[in-house]
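**Q** Test case, fold it:
(chains A and B)
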2 protein chains.
Amino acid sequence: MSEKTTIYDIAKELNISAATVSRALNKNPKISESTCKLVMETAAKMNYKQNQLALALRSGRSNNVGVIVPRIDSNFFASTIRGIEEELHPNKYNVIICQTHENEKREIENINTLLNAQVDGIMISITNESKENEKIIHRVLEKNVPLIFFDRKKNIDGVSSVTINDYKGGYIATKHLIDEGCKRIAHLSGDQSLEIYENRFKGYKQALLDHGIEFDENYVIQTKSNVEAGGVAADKLLQLKTPPDAIFSSSDFAALGAIQELKAQGIKIPEDFCVVGFGNEPFTKFMELSISSVDQSPLEMGKMTAKVFLEQINNTENFKMEKKVVLNPELHIRKSSSRQNL
Amino acid sequence: MSEKTTIYDIAKELNISAATVSRALNKNPKISESTCKLVMETAAKMNYKQNQLALALRSGRSNNVGVIVPRIDSNFFASTIRGIEEELHPNKYNVIICQTHENEKREIENINTLLNAQVDGIMISITNESKENEKIIHRVLEKNVPLIFFDRKKNIDGVSSVTINDYKGGYIATKHLIDEGCKRIAHLSGDQSLEIYENRFKGYKQALLDHGIEFDENYVIQTKSNVEAGGVAADKLLQLKTPPDAIFSSSDFAALGAIQELKAQGIKIPEDFCVVGFGNEPFTKFMELSISSVDQSPLEMGKMTAKVFLEQINNTENFKMEKKVVLNPELHIRKSSSRQNL
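**A** Below you'll find the predicted structure:
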C-alpha cells in the first residue's frame, strides 16, 4: 500500500495543494524552507517514492551503471563484473550488464540501450572487431556520461582505463618456459589488432630474444579463444618439420584444446612438452593435469574500474580527468609446465 | 553524421515546418496520410532516429528486455541468456542483464532498476532465498510488464514459466547409478525451498523406492552449489558408519568437489564409487575423469523463454495468457559413473 503513496495523499495529509507538494519535493525556490521541510518529512513518513525515471530525467542521475563485455560466460569477465558490483553496490549504484558476443554492431546497440536507459556511466571491455565504434564512444563523451575501459581498451583522449600489464604477462610466462628447459616455444595469439593480444605477443617475443632464442614466426598461430581452435592450432604446430616443445597460449581455453590434442597424439606433458595459458580460468586448477596460467586479477580490476568511475562521477571540479591504471599479472605455475618434481 | 539527422533537417528537405514533421512522425491524425508517408520515407532515407527514451515514454516500448539471474558465471545461466538473445535479437530487442548473487534484496533492486529503465519485459530465474519478493512481482504484473520465470520459478497465477522436468532429471540420474550396481546412493541437494531442488530430490527418492532401495535420510546433505561445499559434504558422508557408494549431486560444482575429496581419501572412481552431477557444465566434459551429468538444455530454455515473451508482448487479444513449458532433461553418461568398460 505504502508504495502507492502519491503527491495527492501528501497534499491531503497536510491540507495544502498537490502543486505545492510537487514544488516542495522538487525544491522549487518559490516554496518556503519550512514548507519544504514539512513536505519532505511527511513524504518520508508516508514512504512516498518519486518516479525514478522522472527523477532521472530531471536530475540526470539514475543510479544505474552499465557494463558491456564481450561475453559473460568466462570467469574473467564474470569476475570483473563482480568486482564492479562489490565496489558500486555500497555506493547505491545498480549494475546492468550487456554482452556483445564480439560483434561491433551489437556493441553500438548496447551503448545506445544503456544511454536510453539513462545510465550514469558505462564501463566497457571492447570487442575484438571494434573499428567503427569510435563515433559512438565520442557520442557518450559528448553527453558527459563517464566511460571507462577495462582490460580491452582503445586509446582515446580523456578516457580512463584499467588494464593489466599484458606485455609483462607474456614475458613472465615465456621466461618460465625457458627456465623449464624449453627451446622451441610456440605462441597461440589472439587477434593482434587488440592491444592485449599484441602486448602478450610482444612480451613473448622479447623474452625469447633476451634469452638468446631465435624468434620463428612459424611458431605463432592466431587462434580464437576456444577449446576447438586450440586443438586445431596444436595439430598444425605438430605437423611442422621441427615442431615446438612448448606453447604459451594467450587463452586458457585454447591452451586446454592444445593439451587435449597433444595428449591424443601421445605427447607427454610436461615431460616432452610444456603449456602455459592466460586468464587463470577456474578449470585450469580443476584439471588433473592442472594448467599453468597468468592471472589477471579480474576482481581487483573490476573494483579499480568502479573506483575510477566513482572518482569521475563525484568530480565537481571543472577539469577532465584521465586515469590509466595498469595492474600486475601473476603467473600460477601448475603441472602442465612444471618439470621440477618429475 | 547520419546519426545526427534532426526533424529540422527533414523539415528543410521537404520545405515544411518542423512541427509538421514532428506531428507526422508521431502519427498525429491532424496530418494527412500522404504527408505522413512522405515524412516517414524521407526520415528513413536520411537515417533519422527518434530519441528512444522519448519514444519509450510515448509508446510505452523501449525495445529493451531485462533478464535477472542469480549469477552469470555459470554455464547454465550464461547459456540461457544466450538463447534469449538469439531469439530476441532478430526481433529488434536488446537484452540487459542483472545478477542477484542469491540475495533477495538485490533481486528487488534489480527489478526496480529494470522497471525504471522502461524494459518491455522481465525474464527471471529467482534467487534461492526469494520469500519476500512476491509483492514486487505483483507490482510488475500490475504495470502490465510481461514477466516470465525460467528454471527457478514461483507459482503465481497468470505468470508463465519455462523449466525442465527436474523430477525426471533426478530420477534418471539415480536410476543410472542403480543400473551401475550402486546400492547406497547419497544425494547432495540444494535448498529445497526452491522447486528445482525439491523436485530433483523427489525424483531421486522415487527412483530408490521403485527399485527396492530403502531411503535413508542420512544420505541426503544440503549443500551450496560450489566446489568447497561438495568436498565438505563428501567428507561428511565418508564418516558415516555405512558410507554410501555413490553420489547424485544436484550441482556439478558440488559433484566436482566431492570427487576431489573422494580421490584425496584414496577412493577409486568409478570402481568403488560413482558420481553424477546436474547441469552439464562444460568442465564436466573437460576433466580427465569426466563427470556424468544431467543436461538442462539451457540454450533451448532461453529460446523458449524468449518465445513466450514475444507471444505475450504481441498478444493483442483481450485475455491473459499463462503458459507452462517443461523441457526434458538428458543424462550424459561419462567416466565418473561408467563401469561398463572397466
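
**Q** my guess is A:Gly83 meets A:Glu300, correct?
**A** Yes - contact criterion CB atoms under 8 Å: A:Gly83 and A:Glu300 qualify, at 6.5 Å. The C-beta positions use only the backbone N, C-alpha and C, and glycine is treated the same way.

**Q** Between the two, which has more neighbouring residues?
**A** In this comparison of A:Gly83 against A:Glu300, neighbours counted by other CB atoms under 10 Å in any protein chain shown, the higher total goes to A:Gly83 at 23 against 17.

**Q** Just list the residues touching the more buried one, thanks.
**A** A:Pro298, A:Leu299, A:Glu300, A:Met301, A:Gly302, A:Lys303, A:Met304, A:Thr305, A:Ala306 (CB atoms under 8 Å, 6 or more residues apart in numbering or on different chains).

**Q** ok, A:Met287 - how many residues close by?
**A** Counted with other CB under 10 Å, residues neighbouring A:Met287 total 18.

**Q** how far away is it from A:Gln260?
**A** Spatial separation of A:Met287 from A:Gln260 under the definition CB to CB, to the nearest Å is 10 Å.

**Q** Can I get stretch A:175-191 in PDB? Just the C-alpha atoms.
**A** As requested, the backbone C-alpha atoms of stretch A:175-191 are provided in PDB (Å, rounded to 0.1, in the frame of the first residue of the first chain):
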ATOM      1  CA  LYS A 175      60.600 -16.900 -19.400                       C
ATOM      2  CA  HIS A 176      59.100 -19.600 -17.200                       C
ATOM      3  CA  LEU A 177      59.000 -22.000 -20.100                       C
ATOM      4  CA  ILE A 178      62.600 -21.100 -20.900                       C
ATOM      5  CA  ASP A 179      63.600 -21.800 -17.300                       C
ATOM      6  CA  GLU A 180      61.900 -25.200 -17.600                       C
ATOM      7  CA  GLY A 181      64.300 -26.000 -20.400                       C
ATOM      8  CA  CYS A 182      62.000 -25.500 -23.400                       C
ATOM      9  CA  LYS A 183      63.900 -24.400 -26.600                       C
ATOM     10  CA  ARG A 184      61.200 -24.100 -29.200                       C
ATOM     11  CA  ILE A 185      58.300 -22.100 -27.700                       C
ATOM     12  CA  ALA A 186      55.200 -21.600 -29.800                       C
ATOM     13  CA  HIS A 187      52.600 -18.900 -29.200                       C
ATOM     14  CA  LEU A 188      48.900 -19.100 -29.700                       C
ATOM     15  CA  SER A 189      47.900 -15.500 -30.100                       C
ATOM     16  CA  GLY A 190      44.600 -13.700 -30.200                       C
ATOM     17  CA  ASP A 191      43.700 -11.100 -32.800                       C
END
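
**Q** mind listing what's buried in that stretch?
**A** Judged by neighbour count (16 or more other CB atoms under 10 Å in any protein chain shown), stretch A:175-191 contains these buried residues: A:175-178, A:180, A:182, A:185-191.

**Q** mind listing which of the contacts of A:Gly83 are in helices?
**A** A:Pro298, A:Leu299, A:Glu300, A:Met301, A:Gly302, A:Lys303, A:Met304, A:Thr305, A:Ala306 (DSSP state H).

**Q** rewinding a little: and the buried residues of stretch A:175-191, which is the shakiest by pLDDT?
**A** The member of these with the lowest model confidence is A:Asp191, at 85 (criterion: pLDDT).

**Q** how about that one, what does it touch?
**A** A:Asn128, A:Tyr197, A:Gln222.

**Q** Quick check: A:His241 vs A:Asp216, distance?
**A** Careful, residue A:241 is Lys and not His. Summarising the geometry, the distance separating A:Lys241 from A:Asp216, computed by CB to CB, is 11 Å.

**Q** Same check on A:Asn64?
**A** From A:Asn64 over to A:Asp216 the distance is 50 Å, taken as CB to CB.

**Q** Neighbour count for these two, which is higher?
**A** The residue with more neighbours, out of A:Asn64 and A:Asp216 and counting by other CB under 10 Å, is A:Asn64; that gives 24 against 14.

**Q** Enumerate every residue touching the more buried one.
**A** A:Tyr93, A:Asn94, A:Val95, A:Ile96, A:Ala117, A:Gln118, A:Val119, A:Asp120, B:Thr113, B:Asn116, B:Ala117.

**Q** Lowest average confidence across helices and strands of chain A, where is it?
**A** When each helix and strand of chain A is scored by mean pLDDT, DSSP states H and E, helix A:52-59 comes last, with a mean of 49.

**Q** Next SSE downstream of that helix?
**A** Scanning the chain past helix A:52-59 towards its C-terminal end, the next helix or strand to appear is strand A:64-69 (assignment: DSSP states H and E).

**Q** Each with direction, which strands does that next one pair with?
**A** The strands that strand A:64-69 pairs with in its sheet are strand A:94-99 (parallel), strand A:121-124 (parallel) (by DSSP bridges).

**Q** contacting residues around the last one?
**A** When you say that, I think you mean strand A:121-124. Counting contacts by CB under 8 Å, 6+ apart, the residues outside strand A:121-124 that touch it are A:65-69, A:84, A:107, A:111, A:114, A:140, A:145-150, A:305-306, A:309, A:312-313.

**Q** on that earlier part again, list just the nearest of the contacts of A:Gly83 to chain B.
**A** For the contacts of A:Gly83, the minimum distance to chain B (CB to the nearest CB) is 10.4 Å, reached by A:Pro298.

**Q** My guess is the closest one contacts A:Phe77. True?
**A** Yes - taking contacts as CB under 8 Å, A:Pro298 lies within contact range of A:Phe77: 7.5 Å.

**Q** Any idea how far stretch A:6-19 is from the middle of the chain?
**A** Between the centre of stretch A:6-19 and the centre of its chain there are 47 Å (CA atoms, centre = their mean, to the nearest Å).

**Q** buried residues in stretch A:105-118?
**A** Residues of stretch A:105-118 classed as buried under the neighbour-count rule (16+ other CB under 10 Å) are A:106-118.

**Q** Now distance to chain B and pLDDT too, for the residues you listed, in JSON lines please.
**A** Rendered in JSON lines, the data for the buried residues of stretch A:105-118 read as follows (distance: CB to the nearest CB, whole Å; pLDDT from 0 to 100):
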{"residue": "A:Arg106", "distance to chain B": "8", "pLDDT": "92"}
{"residue": "A:Glu107", "distance to chain B": "11", "pLDDT": "93"}
{"residue": "A:Ile108", "distance to chain B": "10", "pLDDT": "92"}
{"residue": "A:Glu109", "distance to chain B": "6", "pLDDT": "92"}
{"residue": "A:Asn110", "distance to chain B": "7", "pLDDT": "94"}
{"residue": "A:Ile111", "distance to chain B": "10", "pLDDT": "94"}
{"residue": "A:Asn112", "distance to chain B": "7", "pLDDT": "91"}
{"residue": "A:Thr113", "distance to chain B": "4", "pLDDT": "92"}
{"residue": "A:Leu114", "distance to chain B": "8", "pLDDT": "93"}
{"residue": "A:Leu115", "distance to chain B": "8", "pLDDT": "90"}
{"residue": "A:Asn116", "distance to chain B": "4", "pLDDT": "86"}
{"residue": "A:Ala117", "distance to chain B": "4", "pLDDT": "87"}
{"residue": "A:Gln118", "distance to chain B": "7", "pLDDT": "86"}
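
**Q** got TSV for the residues you listed, with distance to B:Ala11 and secondary structure too?
**A** TSV is the format used below for the buried residues of stretch A:105-118 (distance: CB to CB, whole Å; DSSP: H, G, I helix; E, B strand; the rest coil):
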residue	distance to B:Ala11	secondary structure
A:Arg106	33	helix
A:Glu107	32	helix
A:Ile108	27	helix
A:Glu109	28	helix
A:Asn110	32	helix
A:Ile111	28	helix
A:Asn112	24	helix
A:Thr113	29	helix
A:Leu114	30	helix
A:Leu115	25	helix
A:Asn116	24	helix
A:Ala117	29	coil
A:Gln118	28	coil
